[in-house]
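K.L.:
next comes the sequence, and after it the predicted model I'd like to discuss.
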Amino acid sequence: MSLTRAEVEKVSLLARLLLTEEELGWMTEQLGAILEYMALLGEVDTTGVEPMAHAVEVSNVFRPDGVQPGLDREAALANAPHRDAECYLVPAVLGEV
Amino acid sequence: MMTTLIHQSAAELLGLLNAGQATSAELTRAYLARIDAVDGKVRAFLRVDPSAALARAEEIDARRKSDKPLGRLAGLPVAVKDLLCTTGEPTTCASRMLENFRPPYDATVVQRLKAADAVLIGRTNMDEFAMGGSNENSAFFPTRNPWDTTRIPGGSSGGAAACVAARMAPLSVGSDTGGSIRCPAALCGVSGLKPTYGRVSRYGLVAFASSLDQIGPLAGSAEDCALLLEVLAGHDPKDSTSVDRPVPDYSRTVTEPLKNLRIGWVREHFGEGLDAEVEKAVREAIRGYQSQGATVKELSLPHGKYAVATYYIIAPCEASSNLARYDGVHFGHRTDEKAMVAELEAQRKDLHQRGDQKALDDLDNALIRMYRRSRAEGFGPEVKRRIMLGTYALSAGYYDAYYKKALQVRRLIRRDFDEAFKEVDLIVGPVTPSPAYKIGEKIGNPLEMYLYDLYTVSTNLAGIAGMSIPCGLSSTGLPIGLHLQAPPFEEDRLLRGAAMFQQATDWHTRQPEI
């Protein structure tokens, strides 16, 4: 299964990465080779095999529904690259740039 | 005093501290002096804060002097891999993305180490976000193998293993997603254990692949690993996958040999691609167990050959999802906004002039471009590769062919182990296909790097326990590791099996000349 440069570019948008022309080149080549190797799994008969998402199959672990202190706002904002006194700040989403 | 101190085991050092024959401050000074002397060559540590470590040691000494209650590791230096959150201290994951990140809370494991009165001596280097097996993927610098500084220490817990091998710390905490404790332990000639999934809390461990990640100890011997695991392990309400069952007193039982031990070796592990010297050392180790009364059985794990393909689908899928949090908004690196906006404006203008309406419609808005630029600048090549691989495998139309298929094969791999463990108590084999390779040797071929993990990834996929202990030296003087695997929650058996081997051999006492 080979991969095209256009597919890799599309995946880079889905992955929220911006790849340079050079990165697109080696990424296409390397991901293609890796996916070709993955084709090995095609020879395994998995009919009726339940997928195993977790090694310890525990489900619905609940804690008592009690009020507990959360992270202090200042502590939560302390690592923000761009903020004001109360919020995280991001570039404008609507309109031209 | 210094040379004698740093060459002793953690258990011996604890004995000296408890008997009043050494103080934690002396010990800490000795290790700090050792770091000063050799870490310029090894580069195992990303950060060491000598005055904080000494202050902590003195505080513990003062408590000991006045007979106040002390924790299990009181006064012992412990190195921590730089992906365990520690309040207010940089936790970088060896990534530019988190270069300036200071967590607002402690990982449960860090909390446990603090409560045990360990002296946190430094933060160890690693492959960026724990992705890699050579430590060459650190965004800052590669760690070098203390046995030969032109070679890799293994990864991703390369700094964690190298600092123990070079006697810069008696105990070290790493993490293992597909072999990241066992591979560097093997290549650096130390003991390292990956516990059963769920044995140690992952709360505050920066996530790579959440269904595979597990924290574990690295040390000079199985006995010392037992001591550290006892502190790390246990249920944590903050990690819903941590399992609520009692933690055995590993350090009390570790020196008791296993009676009527049945060990198995896997036919498929001794095939093509295994270095002859590694094979010889591992077979010799198996004979060693035999001479200690163990019965030996040949086994087959028929789905083992699919483990690397399975792992390199599941782990990148989980990584692409976990690493989506690095968006330049809440924490971590953010691109220069002015430059980003200027770039976008220039692109828009250019497309306008060329009348390319389609490209104009497709152009990122400023928020999306901010995400993409921040991530492009913050992540290194291996992390990008895995995010891309995972995003592709999870994207519409490919989910069944890759992710679901891999999860199904994962169950078959687990079933192979369940069958095997009906017949044997421990599975023994090689950890890596060869001793440490040269820095730069495989850097251009990611698939070759991935295949280097073939013996270790199944342990994580199956969620069982695994350990690497030294079992030989190559003709060029490089350590060789012996892989021991045990059924879920049989860490006690694993440690005792390893200690048994170490009682009969002296490979674990060999130290590099550096």
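P.N.:
Yep, it's here.
K.L.:
can you tell me if stretch B:358-376 touches chain A.
P.N.:
Yes: using C-beta under 8 Å from any C-beta of the partner chain, stretch B:358-376 comes into contact with chain A via B:D364, B:N365, B:A366, B:L367, B:I368, B:R369, B:M370, B:Y371, B:R372, B:R373, B:R375, B:A376. C-beta: built from backbone N, CA, C; applies to glycine.
K.L.:
what comes up buried for that stretch?
P.N.:
For stretch B:358-376, a neighbour-count test (16 or more other C-beta atoms under 10 Å in any protein chain shown) marks B:D364, B:A366, B:L367, B:I368, B:R369, B:M370, B:Y371, B:R372, B:R373, B:S374, B:R375, B:A376 as buried.
K.L.:
from the chain's centre, how far out does that stretch sit?
P.N.:
On the basis of C-alpha atoms, centre = their mean, to the nearest Å, stretch B:358-376 is displaced by 35 Å from the centre of the chain it belongs to.
K.L.:
state the mean pLDDT of that stretch.
P.N.:
Taken as a whole, stretch B:358-376 has a mean pLDDT of 95.
K.L.:
quick one: contacts for residue 91?
P.N.:
Since you didn't name a chain, this refers to chain A. By C-beta atoms under 8 Å, 6 or more residues apart in numbering or on different chains, the residues touching A:P91 are B:E337, B:M340, B:V341, B:A366, B:L367, B:R369, B:M370.
K.L.:
not what I meant, chain B
P.N.:
The contact partners of B:T91, taken as C-beta under 8 Å, 6+ apart, are B:D82, B:L83, B:L84, B:C85, B:L98, B:F101, B:R102, B:P103, B:R123, B:V206.
K.L.:
please tell me how far the nearest residue to the last one once chain neighbours are set aside sits from chain A.
P.N.:
The spatial neighbour of B:V206 that comes closest, neighbours along the chain excluded (C-beta to C-beta, 6 or more residues apart in numbering or on different chains), is B:L83 at 4.4 Å. According to C-beta to the nearest C-beta, to the nearest Å, B:L83 and chain A sit 16 Å apart.
K.L.:
again, but for B:A94
P.N.:
18 Å.
K.L.:
what's the nearest residue to that residue if we skip its chain neighbours?
P.N.:
B:S138 (4.0 Å).
K.L.:
follow-up on the earlier one: so which of the contacts of A:P91 is the closest to B:V200?
P.N.:
Lowest distance from B:V200 to those (C-beta to C-beta) belongs to B:M370, with 36.3 Å.
K.L.:
which residues sit against stretch B:495-502?
P.N.:
Outside of stretch B:495-502, the residues within contact range by C-beta under 8 Å, 6+ apart are B:191, B:193, B:221-223, B:225-226, B:229, B:250, B:253-258, B:261, B:263, B:285, B:288-289, B:292, B:425-426, B:467, B:469, B:471, B:482, B:484, B:486, B:508.
K.L.:
now the phi/psi pair for B:G174, please.
P.N.:
Main-chain dihedrals, B:G174, degrees, to the nearest 10: phi -130, psi -170.
K.L.:
list the contacts of the closest residue to B:Y402 other than its chain neighbours.
P.N.:
Among residues not flanking B:Y402 along the chain, B:A393 sits closest, at 3.8 Å (C-beta to C-beta, 6+ apart). Contact analysis of B:A393 by C-beta under 8 Å, 6+ apart lists B:I313, B:P316, B:C317, B:Y399, B:Y402, B:Y403.
K.L.:
and the first one, which of the three is it?
P.N.:
Under DSSP: H, G, I helix; E, B strand; the rest coil, the three-state class of B:I313 is helix.
K.L.:
who's in contact with it?
P.N.:
Residues in contact with B:I313 (C-beta under 8 Å, 6+ apart) are A:M38, A:L41, B:L389, B:A393, B:Y402, B:Y403, B:K405, B:A406.
K.L.:
pLDDT score assigned to the first one?
P.N.:
Reported pLDDT at A:M38 in the predicted model: 96.
K.L.:
which neighbouring elements make contact with the helix or strand hosting it?
P.N.:
Taking DSSP states H and E as the definition, A:M38 sits inside helix A:21-38. Judged by 3 or more C-beta pairs under 8 Å, 6 or more residues apart in numbering or on different chains; DSSP states H and E, helix A:21-38 is in contact with helix A:5-14, helix B:307-322, helix B:381-394, helix B:446-451.
K.L.:
now the angle from the third one to helix A:5-14?
P.N.:
To tie it back to what came earlier, the one meant is helix B:381-394. 100 degrees (axes from the mean of the first three to the mean of the last three C-alpha atoms, to 10 degrees).
K.L.:
list the buried residues for the helix or strand just after helix B:381-394?
P.N.:
The element immediately downstream of helix B:381-394 (helix or strand, assigned by DSSP H and E) is helix B:405-423. In terms of neighbour count (16+ other C-beta under 10 Å), helix B:405-423 has its buried residues at B:405-417, B:420-421.
K.L.:
please apply the same query to stretch B:275-291.
P.N.:
Using 16+ other C-beta under 10 Å as the test for burial, stretch B:275-291 gives B:E277, B:V278, B:E279, B:A281, B:V282, B:A285, B:I286, B:G288, B:Y289.
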